[in-house]
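Peer 1: Structure for the following, please:
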Amino acid sequence: RQAVWNRDAGVLAFLRVLAVCNSVTTVSESIDGGSKPRVRYEACSPDEDALVKAAAGCGVGLSRRTADNVEISMAGQPFKYRILREMEFNSDRKRMSLVVEEEGSGDLLLLCKGADETLRPLLAAGQDRLDLETAEHVDEFSRLGLRVLLVCWKRLDRKEYEDWVKNELRVAMASPEGREQRIAQAYEKVECGLTLAGGTGIEDRLQAGVPQTMRSLREAGMKVWMVTGDKTSTALQIAISSGMLSSHTASHNTVVCSLPAQVESCIQQLAEAAAVRRGDSKTSDSHDEEGGAQLGVLVTGSCLESMNPAQKRRFVAGCLVADAVLCCRLTPDQKAELVGLVRESRGEQPSRQAASSRLCSLWNLVTTVTGSRGSASRVVASVGDGANDVAMIQEAHVGIGIVGREGSQAVRASDVSLVAFRDLGRLLQLHGSYSYQRSAIIAQLSFFKSWAFCLGQVLFAWFSGFGGTSMYDPFSIAACNALLFMPICFYALNRHVPNSAAIQRPALYRCGPGRHHLNTWSVWIWFARAVYQTVVTFGITFATLGAEHISGRGQPPCYTQVAAVSFSVFLIVQCCNLAFETHTFTTLQVLSLVLGLGGSFTLYALATKAEQLVDYYALFNAFNEPASLLLAMLVVVLCMIPVVTAKYWTSQYAPGPPEIGRQYGQSIRDNREREKHMRTPPRESGGMLPG
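Peer 2: Numbers count the residues shown, from 1 in each chain. This next block holds a predicted model:
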């Protein structure tokens, strides 16, 4: 600030670029009804907002901006500039330039700021000393994790500028083909010979809970890729501070591909690492003593651009064995291309412990999910918070947008929106785990119900000599799915582990991608259960209520009564199976089970009005017999004994991850109750002692 008041030309030129070369709009506000208004800045980018406020704090403030003019206050004196041409920032140019005319002097100035690697080739000769000093500062900012920019400017000759507009820019803008490319080339012709004014560093603070979220994602079996447009050193520092990489991993166990000449050697190193990890599956989930990933990969956008399609496929396949991948200086199109490569890549066959891999990122996140054991199919999710992440989000299977200060484009383009990055852990570990378990069990319950119902028909056909008679009446066949629809649907409210266990034990998430709930073995178990329960239900029912059985009225039961009893027992057994698979009962779940059972008898009572559907009072005549009631209870008990025994044995002697999670959740609840009881003071007796 002192240099501004001392009229230091270099400092004034630097701050003038920051105050003028931006897209910040100004809003005048009165302070407590005073006559002097206060200027409030509104920016679409938090970086521009920070730079303009920093310049204002140093004595060069943006006073007013319109579509054609910019007014600034420099050391207390007003200056006004007329905007002649704005060369907007984009992911390819990586810089923004503004051609202005200073009011009064009539000087034409080109003000520019952008990435260091794009502006350094455009600098005029004879600035080696200043360029070296600025480069040292910029590198130091990058090592601190700051987002860096170079600030440049130059004076324009009016005649040369007018010739450029007439002969270069207008021709490029009128081009029918390659218009964007020709305009960029025209911009570059006027942006050459720049004078370096300085460099800036902006702190991009991590949100609260980012390191903890990254650690929980790794414990859940997820591999993290950070895809960003930042400088390599800046992105590396952010990766270390976020816990994605440890300092030891970054310096010793990271395959670096920063130059196009290193592409083939990096691919070879990744291939060798993949071969080592195939031989030792434990390394796929191991981490070093600092909590960071054991093997990292760092690649720049220039290297990806230099790769041919075959090299890109080999490179991505090799990166899939790494614990963390850091991609720097990527354009939005390169981010989307990388997501597409991960989706299409077959990669290495994952080990049993590495069966679930997820790629997430910090601000610009690519998530790859290896869905099943021994399968190389992947579900890719991209997470971002800015407009430059939209292409990546739309390319992925699942797009996750984070509400940030860079606009809502990412949120509007996403499938799921989050308020903060830390919510990603809850989204995946809690809701993702619940969703998979519910979907897996509901699918198997649906098959189980159909198997049990159809096997009963098959057994009756064999028992009746394949006479073509159906075991169940038309009403029972039509009502079966309707009666069991609500209980199965409301199973979607089940939580197989408590919320606290799902959040505090991220490894429980591996049960989903690892096919713990839905696999070939579990399907065969459900099929065996259907066969056993059908045989028990059919065999005991027809053996007890067969032709030899004489009711209390002296008449043998007809087959419709036996079938009605069998169907009722079938419904009771199905509801019992569903109840034993439920871990958390809600009011809706209990109500659906009650309606599923009670609805069958109600519908039977209504259906007796239509003789073509159900024989008159077949079910009621059957259950008027004590033997039928005892038979129903006996069949239900015999059907559920193996299920109860297996669940007890599993929970006590061979617990899996879900059982351990439930025990952990129960211990948390017990500890809370104990602490609550200890904090509650003992109640003093207010009565008199007896006697």
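Peer 1: in stretch 236-247, what's buried?
Peer 2: Neighbour counts using 16 or more other Cβ atoms under 10 Å place 236, 237, 238, 239, 240, 241, 242, 243, 244, 245, 246 of stretch 236-247 among the buried residues. Bear in mind the C-beta positions are built from the backbone N, C-alpha and C, glycine included.
Peer 1: could the residues you listed be laid out in JSON lines, adding secondary structure?
Peer 2: Output for those, formatted as JSON lines (DSSP: H, G, I helix; E, B strand; the rest coil):
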{"residue": "236", "secondary structure": "helix"}
{"residue": "237", "secondary structure": "helix"}
{"residue": "238", "secondary structure": "helix"}
{"residue": "239", "secondary structure": "helix"}
{"residue": "240", "secondary structure": "helix"}
{"residue": "241", "secondary structure": "helix"}
{"residue": "242", "secondary structure": "coil"}
{"residue": "243", "secondary structure": "coil"}
{"residue": "244", "secondary structure": "coil"}
{"residue": "245", "secondary structure": "coil"}
{"residue": "246", "secondary structure": "coil"}
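Peer 1: Can you tell me which one of those sits lowest on pLDDT?
Peer 2: Confidence by pLDDT is poorest for residue 246 among the buried residues of stretch 236-247, given 80.
Peer 1: Please report how far that residue lies from residue 318.
Peer 2: Here the criterion is Cβ to Cβ, to the nearest Å. By it, residue 246 lies 21 Å from residue 318.
Peer 1: cool, residue 337 as well?
Peer 2: From residue 337 across to residue 318, the span is 17 Å (Cβ to Cβ).
Peer 1: Those two: which is more packed in?
Peer 2: Taking other Cβ atoms under 10 Å, residue 337 and residue 318 do not tie; residue 318 has more neighbours (24 against 18).
Peer 1: What sits closest to the more buried one if chain neighbours are left out?
Peer 2: Computed as Cβ to Cβ, 6 or more residues apart in numbering, the closest residue to residue 318 that is not its neighbour in sequence is residue 270, at 2.7 Å.
Peer 1: List the contacts of that neighbour.
Peer 2: By Cβ atoms under 8 Å, 6 or more residues apart in numbering, the contact set of residue 270 is 255, 297, 315, 318, 319, 321, 322.
Peer 1: can I assume the second one is in contact with residue 322?
Peer 2: Yes. At 4.7 Å, residue 297 and residue 322 qualify as touching, with contact defined as Cβ atoms under 8 Å.
Peer 1: joint contacts of these two?
Peer 2: 255, 270.
Peer 1: residues in contact with stretch 249-260?
Peer 2: Residues outside stretch 249-260 that contact it (Cβ under 8 Å, 6+ apart): 232, 236, 239-240, 245, 262-263, 266, 269-270, 273, 288, 290, 292-300, 302-303, 306, 315, 322, 324, 326.
Peer 1: Hmm, I typed the wrong one, I wanted stretch 133-150.
Peer 2: 47, 51, 113-116, 119-120, 196, 198-204, 230-234, 237-238, 241.
Peer 1: thinking again about what came up before, just the buried members of the contacts of stretch 249-260?
Peer 2: Among those, those that count as buried by neighbour count (16+ other Cβ under 10 Å) are 232, 236, 239-240, 245, 262-263, 266, 269-270, 273, 288, 292-300, 302-303, 315, 322, 324, 326.
Peer 1: Restricted to helices, list the residues you listed.
Peer 2: 232, 236, 239, 240, 263, 266, 269, 270, 273, 302, 303, 315 (DSSP state H).
Peer 1: would a markdown table of those with distance to residue 538 be doable?
Peer 2: Shown next, in a markdown table, are those (distance: Cβ to Cβ, whole Å):
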| residue | distance to residue 538 |
| --- | --- |
| 232 | 70 |
| 236 | 68 |
| 239 | 63 |
| 240 | 66 |
| 263 | 67 |
| 266 | 65 |
| 269 | 64 |
| 270 | 59 |
| 273 | 58 |
| 302 | 71 |
| 303 | 67 |
| 315 | 60 |
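Peer 1: okay, among those, which ones form the most distant pair?
Peer 2: Using Cβ to Cβ, those span at most 24.6 Å, a distance reached by 240 and 263.
Peer 1: Make sure residue 198 is indeed in a strand.
Peer 2: Yes. Residue state for residue 198 (three-state DSSP) corresponds to a strand.
Peer 1: Number the chain from 39, please
Peer 2: Fine by me, first position is 39 from now on; the one you just mentioned is residue 236.
Peer 1: wait, it sits on residue 50?
Peer 2: No. Counting by Cβ under 8 Å, residue 50 is not a contact partner of residue 236; they are 11.4 Å apart.
Peer 1: Could you single out the nearest of the buried residues of stretch 274-285 to residue 248?
Peer 2: residue 280 (5.0 Å).
Peer 1: Excluding chain neighbours, what is closest to that closest one?
Peer 2: residue 248 (5.0 Å).
Peer 1: wait, what's in contact with that neighbour?
Peer 2: So residue 248 contacts 280, 281, 400, 459, 460 (Cβ under 8 Å, 6+ apart).
Peer 1: For the last one, give me phi and psi.
Peer 2: This points to residue 460. phi -60, psi -20 (degrees, to the nearest 10).
Peer 1: before we move on, what about residue 454?
Peer 2: Backbone torsions for residue 454, taken as degrees, to the nearest 10, come to phi -130, psi 140.
Peer 1: what does residue 148 give?
Peer 2: Main-chain torsions, residue 148, degrees, to the nearest 10: phi -110, psi 120.
Peer 1: Also the one 4 residues further on?
Peer 2: Dihedral pair for residue 152: phi 180, psi -170, per degrees, to the nearest 10.
Peer 1: Just give the closest residue to it, not the sequence neighbours.
Peer 2: With Cβ to Cβ, 6+ apart as the criterion, residue 152 has its nearest non-adjacent residue at 2.5 Å, and that residue is residue 133.
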